[in-house]
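> need coordinates for the below:
(chains A, B, C and D)
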Number of protein chains: 4
Amino acid sequence: MTKGIKIVTIGGGSSYTPELVEGFIKRYESLPVSELWLVDIPEGEEKLNIVGGLAKRMIKEAGLPIKVHLTLNRREALKDADFVTTQFRVGLLEARAKDERIPLKYGVIGQETNGPGGLFKGLRTIPVILDIIRDMEELCPNAWLINFTNPAGMVTEAVLRYSNWRKVIGLCNVPVGMKMGIAAQLGVEPERVHIDFAGLNHMIYGLDIYLDGELYTDKYINLITSEDESSGTMQNIVDLKWEPEFIKALKAIPCPYHRYYYKTDEMFDEEMKAAETVGTRAEVVQKLEKELFELYQDESLTIKPPQLEKRGGAYYSDAACNLIDSIYNDRKDIQPVNTMNNGAIASIPNDSAVEINCVITKDGPKPIAIGDLPVATRGLVQQIKSFERVAAEAAVTGDYQTALLAMTINPLVPSDTIAKEILDEMLEAHKEHLPQFN
Amino acid sequence: MTKGIKIVTIGGGSSYTPELVEGFIKRYESLPVSELWLVDIPEGEEKLNIVGGLAKRMIKEAGLPIKVHLTLNRREALKDADFVTTQFRVGLLEARAKDERIPLKYGVIGQETNGPGGLFKGLRTIPVILDIIRDMEELCPNAWLINFTNPAGMVTEAVLRYSNWRKVIGLCNVPVGMKMGIAAQLGVEPERVHIDFAGLNHMIYGLDIYLDGELYTDKYINLITSEDESSGTMQNIVDLKWEPEFIKALKAIPCPYHRYYYKTDEMFDEEMKAAETVGTRAEVVQKLEKELFELYQDESLTIKPPQLEKRGGAYYSDAACNLIDSIYNDRKDIQPVNTMNNGAIASIPNDSAVEINCVITKDGPKPIAIGDLPVATRGLVQQIKSFERVAAEAAVTGDYQTALLAMTINPLVPSDTIAKEILDEMLEAHKEHLPQFN
Amino acid sequence: MTKGIKIVTIGGGSSYTPELVEGFIKRYESLPVSELWLVDIPEGEEKLNIVGGLAKRMIKEAGLPIKVHLTLNRREALKDADFVTTQFRVGLLEARAKDERIPLKYGVIGQETNGPGGLFKGLRTIPVILDIIRDMEELCPNAWLINFTNPAGMVTEAVLRYSNWRKVIGLCNVPVGMKMGIAAQLGVEPERVHIDFAGLNHMIYGLDIYLDGELYTDKYINLITSEDESSGTMQNIVDLKWEPEFIKALKAIPCPYHRYYYKTDEMFDEEMKAAETVGTRAEVVQKLEKELFELYQDESLTIKPPQLEKRGGAYYSDAACNLIDSIYNDRKDIQPVNTMNNGAIASIPNDSAVEINCVITKDGPKPIAIGDLPVATRGLVQQIKSFERVAAEAAVTGDYQTALLAMTINPLVPSDTIAKEILDEMLEAHKEHLPQFN
Amino acid sequence: MTKGIKIVTIGGGSSYTPELVEGFIKRYESLPVSELWLVDIPEGEEKLNIVGGLAKRMIKEAGLPIKVHLTLNRREALKDADFVTTQFRVGLLEARAKDERIPLKYGVIGQETNGPGGLFKGLRTIPVILDIIRDMEELCPNAWLINFTNPAGMVTEAVLRYSNWRKVIGLCNVPVGMKMGIAAQLGVEPERVHIDFAGLNHMIYGLDIYLDGELYTDKYINLITSEDESSGTMQNIVDLKWEPEFIKALKAIPCPYHRYYYKTDEMFDEEMKAAETVGTRAEVVQKLEKELFELYQDESLTIKPPQLEKRGGAYYSDAACNLIDSIYNDRKDIQPVNTMNNGAIASIPNDSAVEINCVITKDGPKPIAIGDLPVATRGLVQQIKSFERVAAEAAVTGDYQTALLAMTINPLVPSDTIAKEILDEMLEAHKEHLPQFN
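Residues are numbered from 1 along each chain as shown, chains lettered A, B, ... in the order given. Presented below is the predicted three-dimensional model:
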């Protein structure tokens, strides 16, 4: 890597890319990126060019020797890469809108990561990821794959189980978002907050919170269960309050996505209301993206526009750049990522993916052993883990029965018959992107 | 035990008792019971006398030297017992009716074993069981406790976790019922059918079915997913059919109770319909029991009346007598019971209760190691295990927050807020039988 | 199997075969063997003919329609077999004599199963077993492989780890020998004794002993640590007494082979003394076998001659016939065999071979979960398990370093340098039978 | 801790103390120690005064406001302590000399940590440590106990198993010594070397070595197995070379103490030779200590004298000060310490002590999960773990049989009979310091 680092971003035309570029600019001194390849598919060429143009202007403004390449040729880009990040969306936001809307018709939350929608996002995404890995094995066998594409837990599970590639890390902005949100609620700098994270992607718990190294969990729980405070959430998840006694007994801080499981009825009502008014999240984001791309086209824009934060991916790229920086520099700092469990959580198989605090080294993330999750959280975590495993199998085999099994065991789906109805309609709606099922 | 076996049945006034008595009569040659003590509480004295009278007539008719004692003095009965069976119901069927009806008001199935109703049955039952154990430690330290009282899994978990008593076995008629039902569907003698059972109480799976020692699982699944056949159930659970592709992919035979989790919406509708017409199960049983006790009073009745089978507890006493017989005679045959896991199911902690095929020896049940449950079943099983553990803790501590946590993590309960509403109403409704919460 | 059972015995010219034949004759009613194929290699043809002749006379005498085939064509024999038993010895007793004598020169016990000798027996045997399995996959995919060939634990481990064949059971006469010996010491019928066996092959412990279903462990330990009693052993292992306080604290009954590890110095002295006088065990057995084969040639002999018992394999064939009978008849009785752990012993990986009490079904052995071995025994057991795994890897790969690693970590070998000296001399001495190392 | 940190050092009269004092002086800026209490017993008063005098002169020379207290009153010292370090030696070096010499008479290495000598050091030490903990529970319940007293693994195991105290860390200089030695062999600064450590105390392996973040394991193994290089050892262990092929196959770097197990015969010869010439290690150290204390008495000495390094405890105090500094400052850096396993090493029980790389936080060490140790190392590690557990039980109960069991299962002891002979002589020799056995 003496000649500078080569980064490849698959799905480079994403509206998130300017954040990633900003991250590399900020860290240039310790993380000397020499080449940034933004890769997309023909359908995304226009967005790629717009985003790529902004990326080039940002780097020029910063006065850095980072060369930006825009390409539709993935294999050319992957050659000798050091890090490959994936942030693509098979079927674009139109597919996500279907993931969200179709289940609602059957009285079920879509949830594009760990719900019925997430099953379909996984079915569309996993074959593409495994295809990228086959290219990487040939073209850049020493590179790290940093996957942001959701459902990040299911994708990591699929890579660990259905390929021999081990240099893969699933990345999510939920933990860093929780940390930032908690710091903001406490009115302190984020560096003063530490959270012991463990669980699965979008099913992660803060087992303990520390402020300046002192245990702060109970005080924080008191705060978020009090009258006037937010209970801690993200841009894209409504701020429903927890029952104080429940959250006190849980002895762990749920992540915003836990509302889908611990407040299923209320969340369904919110999703229905939104679907009937402002649109589902995908539809809201479609409008936001449209506005963003209009901004990005402005040739005078040479920085990441502040409007990007509303998009919901706050900290995503920051998390990615920090992770790449820690691997490159062997920093041995602690970051929560999706990686092989290796015994860190007792009730999850050693060879499954978990999302957990890791020491980040040049040799990858090393999970910190926690013993086990609190008893009360194990069931839900295991249910999502089973769902991820069966869904990954369905994605690889294209087997209808396995897909139905995954849908039925999802905790949001209330019966095998409803599961079948949703499955059948979604398989039809997405068939263009599910060649393995034909 | 040279002087014959002393059996103590707590809740001896139960309508099930004649079945138990019949079981002892049938097995007298290998299982020479010399004393049968039927114990009840003052509120049950009338029923105790009726059932006890029938028991005495049955034994007289059989010409056996079994002495039947009726008593309200539990400690007198326990002295030097060899086996203690428990089949009592704290709060009687009135309490069960509340367990079933109150959740329905909030759109939730009551389910008196693994649902919100089961939580309350556990909260009422566990302190009494632990109290019986304290007596047994003093009065009959070598006896076995055979618990039929539901929720049998939660009760066994509580005994393992909150006492030092290890000679406890939780017993359920679901596995034997499944075996009998399958044999009937196949038109063969039950002895020709073997099922590899594993899971938790009322959350048990038939991992494989054998007919005459040959694997028959796939054929049986084809049978129950075909048009005209029952999908296998019990007296008290409606026969809703499984989606064929789901059950084929599951690669295990669910028990009748699984309908509550894999067909939640449909089961809720059935329960509501019943509640509005014939009454909940408790209310149906109340009527059945009334009729049974009228029969039992008939001085000319000297056998178990056939009407008892409709009561829903078919095979319960048979299972109990078989278990006692195998322990007494060190038979080393295979029976599914609730016992300490000891590594038999990988994803359940070694020190938790599971319901699993065991070799029954004089030294108790030895679970047969299965490796692990099928991936797709682990989530739901873990969820019920977490529920059982948290519920047992709530029963012992009387802690409100812990009870709310148990209610919220139950897979039938859709939110922490609804959990709290149900909990509060049920705590009030049952307060007479929940001294630990006052 | 309606036409009767086809048994194939590889190494059919072994002196043990008459015992096996006797076993089949005794069990004919429940285990109707129609064909018995005795297979051997050209070097063993003479012995095959002698033993085969006796087998035919024995069956004729019994008046049973079992057809005995003698062949050097293994593939012909395997076609459509129901059970394949393996009892061959690559390199014959000459090789065993080297396994025993060479280590002695370096001050180390040879021990042909779990010692340096056992490593070489494994290196010679495992490739042949894997070759037999390849034939079975093609010619009799539904057959069971019952392996008596030592080292039975290492061979089972190798089959589980380096083939996809799962219908394999490793069988040893040590547990049945312990049971018979203990019954004899107690002066009772063997059926009245039950032992909870768990561990590894030739490293198995009786965790508890029961007489007529009552715990008898402490009384038995008192017996064998008293002045005048044997401490329980076998024909081929000298009867050195245990230190009473050690065996009392161990809380488990060691097997005769444990003397090699808990009495290493004394056993070395015994082996040296024997080597200098009567010869090593292999040399003693060579003489015994010579005498046996002279007997076997006697055309008037039509039963198993009583002299066979001195050979050391007492109960081996009985164990095998019982096992085959229980599989064939789906007996679900308890027998100690080598099979996949599946969680039965907590400190051994689930996918490793253990020797443990199993329920024997038509679908194979199901291990009974014990939780874990007593703390004090785990180290030695783990050491032999590590040795077996590394040795199996060396046998399959033919890698010199791996073989040296196996030799060095064997608990009988006192240093890496001595390990290398023994290894080098033995590799040279056995090179004819170790093609994978050339 | 706003008023500065209170450190209590039990065994403060040790010759190591000047190194500890130097460590606190060097780190004063980040680790502001305000009070250092050196505690000893009456027999050690003279040495305490000598060492204490030097400590005071060193601090005065450094111009720091650290107050040094010398006391024989342990309870007074412990009051409100922040960190308690233990470095005492029950029975002084005389006892260690017996630990080393007595086993040699029976042909067995004494090995004062994981050998027969270590058993006796544990029997003498563990009751005192548990006594200190009882004082700490009362007098300084928030303090950390940093134990340097050997056998550090067995002591940590005993604390975890026989007390409720969890703020305990066992510390050893072997890992840091390995790191320093490897850096020296490579001719690089220690900071450039990172080692993935895992195992048990004095049974720890370097699973991988990194130089500047790049994997360097194979190159290092090539180096130490080449002709001219040391194979990496410590002051007190002779530098015997490993067999190259063995160490290459092991796929891990053994620690210097592994020579006792992988080169038992050669190490015994070295120990015998030393015992007959220069004396055992204890006897050598006695002379070194005498010289050191003469130096320490020199009133003009105001720094740690360089002769201390020969004493063998190089880096011990450095390791201790680094550990205390990282806890105090919540540094989250990686250090190898003895702590509860918590799943970090799969084949060791979760609740046992291991020595492993941990992230050091204000809340203590968090072990980094490694999955499992290499197969070939698990047996020996498990054997020492079993030894530690049984020895800890013997130390707490004073039970003769349990002590014999521990002695017999030690991998250096060749038979139960020899174990008993050694045990009996050592129990007699040490009886003054083993009140629990009388």
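
> got the contact list for stretch A:32-50?
A:3-15, A:17, A:21, A:24, A:51-52, A:55, A:65-74, A:77, A:81, A:88, A:92, A:293, A:296-297 (CB atoms under 8 Å, 6 or more residues apart in numbering or on different chains). Bear in mind the C-beta positions are built from the backbone N, C-alpha and C, glycine included.

> for PyMOL, write a command that selects the buried ones of those.
Selection of buried members from those for PyMOL, criterion 16 or more other CB atoms under 10 Å in any protein chain shown:
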select buried, chain A and resi 4+5+6+7+8+9+10+11+12+13+14+15+17+21+24+51+52+55+66+68+69+70+71+74+77+81+88+92+293+296
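
> what about the contacts of stretch A:32-50, which are in helices?
Counted as lying in helices by DSSP state H, out of these, are A:17, A:21, A:24, A:51, A:52, A:55, A:74, A:77, A:92, A:293, A:296, A:297.

> and which of these is nearest chain D?
Taking CB to the nearest CB as the measure, chain D lies nearest residue A:24 of those, at 20.2 Å.

> surely that closest one is in contact with residue A:31?
Yes - counting by CB atoms under 8 Å, residue A:31 is a contact partner of residue A:24 at 6.8 Å.

> okay, and the common contacts of those two?
residue A:321.

> quick revisit: can you narrow the contacts of stretch A:32-50 to ones near chain B?
Filtering those for proximity to chain B by CB under 8 Å from any CB of the partner chain leaves nothing.

> and the stretch 101-250 of chain A, which of its residues are near chain D?
A:194, A:208, A:210, A:212, A:213, A:214, A:215.

> give me the buried entries from the residues you listed.
Here, 16+ other CB under 10 Å leaves A:194, A:208, A:210, A:213 buried among these.

> would you turn these into a markdown table with distance to chain C, secondary structure and pLDDT?
Below are these laid out as a markdown table (distance: CB to the nearest CB, whole Å; DSSP: H, G, I helix; E, B strand; the rest coil; pLDDT from 0 to 100):
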| residue | distance to chain C | secondary structure | pLDDT |
| --- | --- | --- | --- |
| A:194 | 34 | strand | 95 |
| A:208 | 29 | strand | 95 |
| A:210 | 34 | strand | 94 |
| A:213 | 36 | coil | 86 |
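
> any chance of the residues you listed in a markdown table, plus distance to residue B:421?
Listed next are those as a markdown table, based on distance: CB to CB, whole Å:
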| residue | distance to residue B:421 |
| --- | --- |
| A:194 | 36 |
| A:208 | 30 |
| A:210 | 35 |
| A:213 | 40 |
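
> and those residues, which is closest to chain D?
For these, the nearest to chain D is residue A:213 (3.4 Å; CB to the nearest CB).

> so that closest one makes contact with residue A:194?
Yes - contact between residue A:213 and residue A:194 holds when scored by CB under 8 Å: they sit 7.3 Å apart.

> what is in contact with those two at once?
D:330, D:361.

> the inter-axis angle of the helix or strand containing residue A:394 versus helix B:375-397?
If you go by DSSP states H and E, residue A:394 is part of helix A:375-397. Counting by axes from the mean of the first three to the mean of the last three CA atoms, to 10 degrees, helix A:375-397 points 170 degrees away from the direction of helix B:375-397.

> is chain B contacted by helix A:375-397?
Yes - using CB under 8 Å from any CB, helix A:375-397 reaches chain B at A:375-387, A:389-390.

> next helix or strand past that helix?
Counting by DSSP H and E, what follows helix A:375-397 is helix A:400-409.

> what's that next one packed up against?
Helix A:400-409 sits against helix A:116-139, helix A:375-397, helix A:416-429, helix B:244-250, helix B:375-397, with contacts defined as 3 or more CB pairs under 8 Å, 6 or more residues apart in numbering or on different chains; DSSP states H and E.

> from the residues of the stretch 101-250 of chain A next to chain D, pick the one nearest residue A:167.
Ranked by distance to residue A:167 (CB to CB), those are led by residue A:194 at 27.0 Å.

> just the closest residue of the stretch 201-350 of chain A to chain B, please.
Counting by CB to the nearest CB, the stretch 201-350 of chain A gets nearest chain B through residue A:249, at 3.7 Å.

> now the helices and strands packed on helix A:400-409 in JSON lines, with mean neighbour count and mean pLDDT?
Formatted as JSON lines, the helices and strands packed on helix A:400-409 follow (neighbours: other CB atoms under 10 Å in any protein chain shown; pLDDT from 0 to 100):
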{"stretch": "helix A:116-139", "mean neighbour count": "22", "mean pLDDT": "98"}
{"stretch": "helix A:375-397", "mean neighbour count": "25", "mean pLDDT": "98"}
{"stretch": "helix A:416-429", "mean neighbour count": "20", "mean pLDDT": "98"}
{"stretch": "helix B:244-250", "mean neighbour count": "22", "mean pLDDT": "94"}
{"stretch": "helix B:375-397", "mean neighbour count": "25", "mean pLDDT": "98"}
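
> between the ones you listed, which one is closest to residue D:284.
Closest of the helices and strands packed on helix A:400-409 to residue D:284 is helix A:375-397, at 53.7 Å (criterion: CB to CB).

> circling back to that earlier point, possible to save the ones in helices among the contacts of stretch A:32-50 as JSON lines with pLDDT and distance to chain C?
Output for the ones in helices among the contacts of stretch A:32-50, formatted as JSON lines (pLDDT from 0 to 100; distance: CB to the nearest CB, whole Å):
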{"residue": "A:17", "pLDDT": "93", "distance to chain C": "45"}
{"residue": "A:21", "pLDDT": "95", "distance to chain C": "47"}
{"residue": "A:24", "pLDDT": "96", "distance to chain C": "44"}
{"residue": "A:51", "pLDDT": "96", "distance to chain C": "48"}
{"residue": "A:52", "pLDDT": "97", "distance to chain C": "50"}
{"residue": "A:55", "pLDDT": "96", "distance to chain C": "49"}
{"residue": "A:74", "pLDDT": "97", "distance to chain C": "36"}
{"residue": "A:77", "pLDDT": "98", "distance to chain C": "39"}
{"residue": "A:92", "pLDDT": "90", "distance to chain C": "43"}
{"residue": "A:293", "pLDDT": "93", "distance to chain C": "53"}
{"residue": "A:296", "pLDDT": "93", "distance to chain C": "53"}
{"residue": "A:297", "pLDDT": "93", "distance to chain C": "58"}
